[in-house]
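A.B. asks: got a sequence here, can you model it:
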Amino acid sequence: MDRDYIHSLEADRWLFHADLLVDKAHVVMLEERGIIRVDEAAAILKCLQNIQLQPEVFIERELPDYEDVHTAIESIVMREIGDNTGGRMHTARSRNDEVATCIRIALREELLRLMKKLNELRRALIERAAENIETVMPGYTHLQHAQPTTLAHHFLAHADAFARDFARLIAAYE
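C.D. replies: Residues are numbered from 1 along each chain as shown. The predicted structure follows:
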């Protein structure tokens, strides 16, 4: 089978940090519930931290040799601390649950970045509006000339539309 066909390197790069967060949280839960020992959890977490500290090494050298980011991280942990301990990292978790959680975390980060950029755009429009309270321009209704308005009003109409978009992003985030 063609390895390029089954690889998802771009998506795996996007999920890298989320996968490490999910793995760490899961290992902590396993230890807190007494499913794995403290020393096993510590060894797995230390290995995950080492992977996180060298993302370029992992992404460029290790990741292409595996089916996906999830398999790569697990394989490296098992290689570094042994199959018996490293293999416990995914105890009580399905692959589908792991992937779904990673995608949600990665999307959450994307939504936060988008909301920040959208607020920066809204702030810029409001600042331009404040500078153009007296700037008169033609108003339009249904693509026809209407009463004159101000450039400030025009800018604020766009800022308000972006405020509604921001509310939609908040709903998606929730």
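
A.B. asks: contacts, neighbours, all on C-alpha from now
C.D. replies: Noted.

A.B. asks: so where's this protein uncertain?
C.D. replies: Scanning the chain for pLDDT under 70 picks out the ranges 1-7.

A.B. asks: let me see the ranges of the helices in it.
C.D. replies: Using DSSP state H, the helices of the chain run over 3-6, 9-32, 38-53, 55-57, 69-81, 83-86, 95-131, 151-173.

A.B. asks: will you turn these into TSV that also has mean neighbour count and distance to Gly139?
C.D. replies: Listed next are those as TSV, based on neighbours: other Cα atoms under 10 Å; distance: least, Cα to Cα, whole Å:
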stretch	mean neighbour count	distance to Gly139
helix 3-6	10	54
helix 9-32	18	45
helix 38-53	17	55
helix 55-57	13	53
helix 69-81	19	54
helix 83-86	16	67
helix 95-131	15	15
helix 151-173	15	9
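
A.B. asks: of those, which is nearest Leu143?
C.D. replies: helix 151-173 (14.3 Å; Cα to Cα).

A.B. asks: the closest one vs helix 95-131, what angle?
C.D. replies: 170 degrees (axes from the mean of the first three to the mean of the last three Cα atoms, to 10 degrees).

A.B. asks: adding distance to His142, write the helices of the chain out as CSV.
C.D. replies: Shown next, in CSV, are the helices of the chain (distance: least, Cα to Cα, whole Å):
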stretch, distance to His142
helix 3-6, 50
helix 9-32, 43
helix 38-53, 55
helix 55-57, 53
helix 69-81, 52
helix 83-86, 65
helix 95-131, 23
helix 151-173, 15
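
A.B. asks: out of those, flag the one nearest Thr141.
C.D. replies: Comparing these by Cα to Cα, helix 151-173 comes nearest, at 12.5 Å.

A.B. asks: residues in contact with Asn96?
C.D. replies: Listed by Cα atoms under 8 Å, 6 or more residues apart in numbering, Asn96 has no contact partners.

A.B. asks: and it, how far from Leu112?
C.D. replies: Distance, Asn96 to Leu112, using Cα to Cα, to the nearest Å: 24 Å.

A.B. asks: Gly87 too?
C.D. replies: Where Leu112 is concerned, Gly87 sits at a distance of 33 Å (Cα to Cα).

A.B. asks: which residues touch the residue nearest the centre of the chain?
C.D. replies: Nearest residue to the geometric centre of the chain (Cα atoms, centre = their mean): Ala106, 2.3 Å. By Cα under 8 Å, 6+ apart, Ala106 lies in contact with 14-15, 18.

A.B. asks: over to Met115?
C.D. replies: 166, 169.

A.B. asks: still on that earlier bit, closest to Gln144 out of the contacts of Ala106?
C.D. replies: Using Cα to Cα, those come closest to Gln144 at Trp14, 46.4 Å.

A.B. asks: which non-adjacent residue is nearest that closest one?
C.D. replies: Distance criterion Cα to Cα, 6 or more residues apart in numbering; nearest residue to Trp14, sequence neighbours excluded, is Ala106 at 7.2 Å.
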